[in-house]
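K.L.:
Show me how the following folds:
(chains A and B)
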Amino acid sequence: MTTPSIETRNLTIRFGGHAAVNDVTCAFRPGQLTVIVGPNGAGKTTYFNLISGQLTPTAGSILKDGRDIAALSPSARAKAGIGRAFQLTNLFPKLSVLENVRLAVQARHRLGPRLLRAAGSFGVLRDEAMRHLEATRLAEVAHMPAAALPHGDQRKLEVALLLAMEPDIFMFDEPTAGMSVDEAPVILELIAAIKQDCSKTILLVEHKMDVVRALADRIVVLHNGELVADGEPDDVIALPIVREIYLGVPAGEEAA
Amino acid sequence: MTDTALVSAPPADRARTGRLVVTVAVGLVGLALLLAPFLFQDVRAGQVAARICIFIVLVASYDLLIGYTGIVSFAHTMFFGLGAYGTAIALKNIGPSWGAIALGGSAGVAVAIVLAALIGVLSLRVKAIFFAMVTLAAASVMLVLASQLSAITNGEDGLVYSIPKLLSPATPLLTDADGKVLKVFGVSMNGRIAAYYFVFFACLGLFWLMTRIVRSPLGTVLQAIRENELRAEAIGYRVVAYRTAVFVIAATIAALAGILWAVWLRYTGPDTTLSFAIMIDILLMVVIGGMGTMAGAVIGVVLMSLAQFYLKDLMAAAAAATAPVPLLPHLLEPDRWLLWLGLLFILLVYFFPSGIAGTLMKKDAH
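P.N.:
Below is the predicted model:
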């Protein structure tokens, strides 16, 4: 078995008396796509925020390739290879689509003290950014301000930013939420393509069962901040507790 | 790469026309400032032209903070004053030499850099409002220091000193056959011309530098921080480091502008460099011109300076012209110029909510 690329041990965060994530120990391995499911308020997004650094844990540790990163800033974690797309669209609204993606590319490059050269003249940055825009079918609107895009395209740009970070760990937080039926496949194909590269670890928060079944290698269930189930998709989906908390079917009434 | 998607849309056309208007306006201002000593030959106009040059640099450097990065600081006059006082103290104590300007100026700039780095590292992590308060406190302390350390700064009266001979009005630059100062298009070729062009070209260089910075990769990161600080951090930018860096850059440029101001005025006091009235002028100029546009600094400074210096004259003329009409001459009484200036501001902010340059060049009509 390969060693975990990202791992949380007894990870806990409390807001006042409420433990939003409670004692979650879980390891994720390269080449594996793990879907995290759970009802609203289960702590899925909070769990993501802890891993990518937007929140600092009350207790527990987060290991990236065996190194504890719980004390690092979000930017240091991004540099360490943890990439994150957000559930609520989180872009640079007044900048153009191309500039949005170029920023994510630029963060990986050491440009040195070339303060006086126009940002648009760095061919490497632009070419890489355009490649990610083509992958997300956004090349046509590269020069539009991000705020002027329709919702579906903003969701795609959110994913394009994550691709442009070229991380080892890809974290998607409901990437297809609010997308139309014909837009969602673009994103799902992209995720499937990342999965082909066995060195990448993918964490996905998703509600749609068809998506979960199509992509998941493994399902982790969070409920009230606690990890309640973890295993092969078919096994987990069949668990009574999952049917109860996730599908809203009380245990024992399945036959009905 | 083409932006065909936008070419046909009317808002893009409007933005293009707007950009053209702004570019032409900035070009005309540049040309007028380049030829100012020949175009406007009275002493007051010369003062206004030099003040416009220096304030364009000062306001543009402030716009790096407030417009491009979204940092609200009230300490910009403090950095301006540090450059000016450094230069003034050296000129006063060492004598009128270029060495004194270099020594005093670099000391002022060095103190500005250290202070900016300290304020940046210690307080750019906190919420914007607290940062603004810290800068306000620092600027107040500096103002009190300048007034109280009379032995060095001569207190409220400020310092009067001589500047290097080349720049003094009494120095002939070119002489005719009789040994008198040569006149070119009616303008005496004396040290005052040299002083003006020293100021003009130094300001041009600093302004050019800033237009490059905002277009550079660093400039894009600054705008990203303004737009969405959390996401900028999430894609790998150390926001505090970038904020501190731009705060130091802006402070350095403000201090350099202070050196030019001290050399041009041959006087440095709290009222010409450190006062909050100047800080408010800077803020108004940035807002009127348009935050986040270098052209806005030029337009804001020119409009505001012309209003401050010439509105009274204009009103006196208007009052005289309307003398036979009842009531109007009283309204146009030159003493009421601040009323009209205020009215002008309200109209400008109403019709140009993003500032003049900002509104004209606005890309999205959504």
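K.L.:
so what's residue B:125 up against?
P.N.:
Residues near residue B:125 by C-beta atoms under 8 Å, 6 or more residues apart in numbering or on different chains: residue B:240. (C-beta placed from N, C-alpha, C; glycine too.)
K.L.:
Quick check: phi and psi at it.
P.N.:
Note on residue B:125: backbone dihedrals following degrees, to the nearest 10 are phi -80, psi -30.
K.L.:
what about it, distance to residue B:243?
P.N.:
With distances taken as C-beta to C-beta, to the nearest Å, residue B:125 is found 9 Å from residue B:243.
K.L.:
again, but for residue B:117
P.N.:
From residue B:117 across to residue B:243, the span is 11 Å (C-beta to C-beta).
K.L.:
Next: residue A:186.
P.N.:
For residue A:186, the distance to residue B:243 - C-beta to C-beta - is 36 Å.
K.L.:
out of these two, which sits in the busier spot?
P.N.:
More neighbours surround residue B:243 than the other of residue A:186 and residue B:243, with 22 against 18 (other C-beta atoms under 10 Å in any protein chain shown).
K.L.:
my read: that one touches residue B:225, true?
P.N.:
Yes: taking contacts as C-beta atoms under 8 Å, residue B:243 lies within contact range of residue B:225: 6.7 Å.
K.L.:
what is in contact with the two at once?
P.N.:
Residues touching both residue B:243 and residue B:225 (C-beta under 8 Å, 6+ apart): residue B:69.
K.L.:
A strand includes residue A:62, no?
P.N.:
Yes: the assignment for residue A:62 is a strand, going by DSSP: H, G, I helix; E, B strand; the rest coil.
K.L.:
Setting aside sequence neighbours, what's the nearest residue to it?
P.N.:
residue A:70 (4.7 Å; C-beta to C-beta, 6 or more residues apart in numbering or on different chains).
K.L.:
Touching, the one you found and residue A:59? I think so.
P.N.:
No: applying C-beta under 8 Å, one finds residue A:70 not in contact with residue A:59, separated by 9.6 Å.
K.L.:
Between those two, which has more neighbouring residues?
P.N.:
More neighbours surround residue A:70 than the other of residue A:70 and residue A:59, with 19 against 14 (other C-beta under 10 Å).
K.L.:
sec struct for that one, please.
P.N.:
State at residue A:70, reduced to three classes by three-state DSSP: coil.
K.L.:
check contacts around it.
P.N.:
Contacts were defined as C-beta under 8 Å, 6+ apart; by that measure residue A:70 touches A:56-57, A:60-62.
K.L.:
Dihedrals phi and psi, residue B:186?
P.N.:
Per-residue torsions, residue B:186: phi 80, psi 0 (degrees, to the nearest 10).
K.L.:
For burial, what's the neighbour tally of the closest residue to it other than its chain neighbours?
P.N.:
Leaving aside its chain neighbours, residue B:186 sits nearest to residue B:41 (6.6 Å; criterion: C-beta to C-beta, 6+ apart). As a burial measure, residue B:41 scores 13 neighbours (other C-beta under 10 Å).
K.L.:
residue ranges of the helices in the stretch 101-250 of chain A, please?
P.N.:
Using DSSP state H, counting those that start in this stretch, the helices assigned to the stretch 101-250 of chain A run over residues A:123-135, A:151-164, A:184-196, A:209-215, A:233-238, A:240-247.
K.L.:
Those helices: which one's closest to chain B?
P.N.:
Among the helices of the stretch 101-250 of chain A, the nearest to chain B by C-beta to the nearest C-beta is helix A:151-164 (6.4 Å).
K.L.:
Now do residue B:99 against chain A, distance only.
P.N.:
Using C-beta to the nearest C-beta, to the nearest Å, residue B:99 is found at 29 Å from chain A.
K.L.:
remind me which residues of the stretch 1-150 of chain A are low pLDDT?
P.N.:
Within the stretch 1-150 of chain A, the segments meeting pLDDT under 70 span A:1, A:112-115.
K.L.:
now do 90
P.N.:
Low-confidence segments of the stretch 1-150 of chain A (pLDDT under 90): A:1-4, A:16-19, A:31, A:37-42, A:66, A:86-90, A:108-127, A:135-137.
K.L.:
what about the strands in it?
P.N.:
For the stretch 1-150 of chain A, the strands defined by DSSP state E, counting those that start in this stretch occupy A:6-15, A:18-28, A:33-37, A:59-64, A:67-68, A:82-84.
K.L.:
Check chain B too.
P.N.:
Along chain B, counting by DSSP state E, strands occupy B:159-160, B:183-184, B:187-188, B:267-268.
K.L.:
which helices and strands sit right next to the last one?
P.N.:
It refers to strand B:267-268. If you count contacts as 3 or more C-beta pairs under 8 Å, 6 or more residues apart in numbering or on different chains; DSSP states H and E, strand B:267-268 packs onto helix B:76-94, strand B:159-160.
K.L.:
any idea how far that strand is from the chain center?
P.N.:
In this view, strand B:267-268 has its centroid 17 Å away from the chain centroid, taken as C-alpha atoms, centre = their mean, to the nearest Å.
K.L.:
partners of it, with directions?
P.N.:
Looking at strand B:267-268 with DSSP bridges, its partner strands are strand B:159-160 (antiparallel).
K.L.:
Give me the residues contacting the partner strand.
P.N.:
Counting by C-beta under 8 Å, 6+ apart, B:85, B:88-89, B:92, B:153, B:266-269 sit against strand B:159-160.
K.L.:
pretty sure the residue nearest to residue B:186 contacts residue B:188?
P.N.:
No: applying C-beta under 8 Å as the test, residue B:41 and residue B:188 come out as separate, 9.5 Å apart.
K.L.:
Surely residue B:240 and residue B:123 touch.
P.N.:
No: checked against C-beta under 8 Å, the pair residue B:240 and residue B:123 is beyond contact range at 10.0 Å.
K.L.:
Get me the contact residues on the stretch 151-256 of chain A for chain B.
P.N.:
Contact residues (C-beta under 8 Å from any C-beta of the partner chain) of the stretch 151-256 of chain A with chain B: A:161, A:164-165.
K.L.:
Next, the contact list for residue B:344, please.
P.N.:
The contact partners of residue B:344, taken as C-beta under 8 Å, 6+ apart, are residue B:307.
K.L.:
Check the gap between it and chain A for me.
P.N.:
Distance from residue B:344 to chain A, by C-beta to the nearest C-beta: 28 Å.
K.L.:
distance between the ends of stretch A:29-44?
P.N.:
Its start and end residues considered, stretch A:29-44 measures 19 Å (C-alpha to C-alpha, to the nearest Å).
K.L.:
How far away from the center of its chain is that stretch?
P.N.:
Centroid separation between stretch A:29-44 and its chain, computed with C-alpha atoms, centre = their mean, is 9 Å.
K.L.:
contacts for that stretch?
P.N.:
Contacts of stretch A:29-44 (C-beta under 8 Å, 6+ apart): A:1-5, A:20-22, A:28, A:47, A:168, A:173, A:191, A:195, A:198-207, A:212, A:215-225, A:233, A:242, A:245-246.
K.L.:
do that again at 7 Å, thanks
P.N.:
A:2, A:4-5, A:20-21, A:28, A:47, A:195, A:198-206, A:212, A:215-225, A:245-246 (C-beta atoms under 7 Å, 6 or more residues apart in numbering or on different chains).
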